[in-house]
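Trainee: Attaching a predicted model along with its sequence, questions to come.
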Amino acid sequence: MLTLAVIVVVSAALVAGAAWGIYGHLPPRLEGMIVALAGGALIVSVVLELVDPATKVAPLWAVVAFVLVGAGAFVMLDVAVNRRLGSTSGGGLLAAITLDGIPENLALGVALIGAGPLQVASLSGSIFLSNLPEAAGGAQEMAEGRSRARVMALWTATAVLLSVAALVGNLALDDVPSSALGLIRCFAAGAVVASLSTEVFPKAFREARYETGVATAAGLVLAIALDQLG
């Protein structure tokens with residue numbers, strides 16, 4: 001039940017964010033700071049919840065290799081999406097979030113295996129915070145000249161897809177050896193880090209400028225505090 005609740009809450013950020021983008025509004029500077037806060041928290045979560053546990057069950061060279069492969073895979077897919085749909089289009093952002101979200105949610109599902117609520121609080125919370133403003137921005141762009149109901153339906157379908165990815169990660173990988181599980185987490189970690197550098201932090205800096213640095217540090221401290229509670 002805890003697993004399902006966390007997955008629903010994290011994926012619901014896309015629906016809430018889309019509704020926020022279509023029907024609501026936040027000042028760009030505040031939106032950028034929220035994105036940066038989420039990015040800072042996600043850095044810590046990736047290291048503590050995904051990469052560090054893998055170093056205890058798999059060789060270091062394999063950990064490094066899978067992180068780099070995950071990052072490379074995301075970058076290639078992101079480049080392909082941007083060339084086809086445009087890096088500033090709402091549709092391109094939706095596709096990028098989907099490509100980013102699948103490994104993120106697979107990692108979330110894997111992290112929930114045998115974990116208590118506080119152990120995954122920083123990872124799930126960071127994904128939630130990063131999904132919310134990204135979905136808002138993408139939905140806002142897509143709603144210009146399009147049916148609001150159709151845009152909401154697209155983002156809702158994406159949320160369902162990412163929920164399925166998290167469930168697959170949690171159920172299908174339950175019996176996988178710990179070393180293989182650790183390397184899967186590393187692949188996901190590489191993809192998430194690549195998304196932070198190419199999508200999250202550039203967006204945050206465009207919106208909030210130099211306040212991004214402080215907001216990122218605040219997110220990092222928040223994630224460390226949550227981890228200590230676990």
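Mentor: Alright, I've got the coordinates.
Trainee: helix or strand for the residue found closest to G17 once you drop the neighbours it is linked to in the chain, which one?
Mentor: Nearest residue to G17, sequence neighbours excluded (C-beta to C-beta, 6 or more residues apart in numbering): A135, at 2.9 Å. (C-beta placed from N, C-alpha, C; glycine too.) A135 is part of helix 121-142 when elements are defined by DSSP states H and E.
Trainee: Specify the angle between the helix or strand just after that helix and helix 121-142 in degrees.
Mentor: Later in the chain than helix 121-142, the nearest helix or strand by DSSP H and E is helix 148-171. Interaxial angle, helix 148-171 versus helix 121-142 (axes from the mean of the first three to the mean of the last three C-alpha atoms, to 10 degrees): 150 degrees.
Trainee: just to revisit the earlier point, let me know the average pLDDT across the helix holding A135.
Mentor: For helix 121-142, mean pLDDT is 73.
Trainee: now that helix, how far from the centre of its chain.
Mentor: Here helix 121-142 is found 8 Å from its chain centre; the criterion is C-alpha atoms, centre = their mean, to the nearest Å.
Trainee: ok, back up a step: kindly tell me how buried the residue nearest to G17 is, as a neighbour count.
Mentor: Residues lying near A135 (other C-beta atoms under 10 Å) number 26.
Trainee: Wait, it touches S11, no?
Mentor: No. Contact between A135 and S11 fails when scored by C-beta atoms under 8 Å: they sit 10.5 Å apart.
Trainee: re earlier: give the full set of residues in contact with the residue nearest to G17.
Mentor: A13, L14, V15, A16, G17, A18, W20, G21, I97, W155 (C-beta atoms under 8 Å, 6 or more residues apart in numbering).
Trainee: from memory the last one sits against A18, does it?
Mentor: Yes. The pair W155 / A18 is scored as a contact, 3.7 Å apart, by C-beta under 8 Å.
Trainee: With neighbour numbers in mind, choose between the two.
Mentor: A18 (29 against 25).
Trainee: What separation do you get for the more buried one and S195?
Mentor: 19 Å (C-beta to C-beta, to the nearest Å).
Trainee: Kind regards, and thank you for your time.
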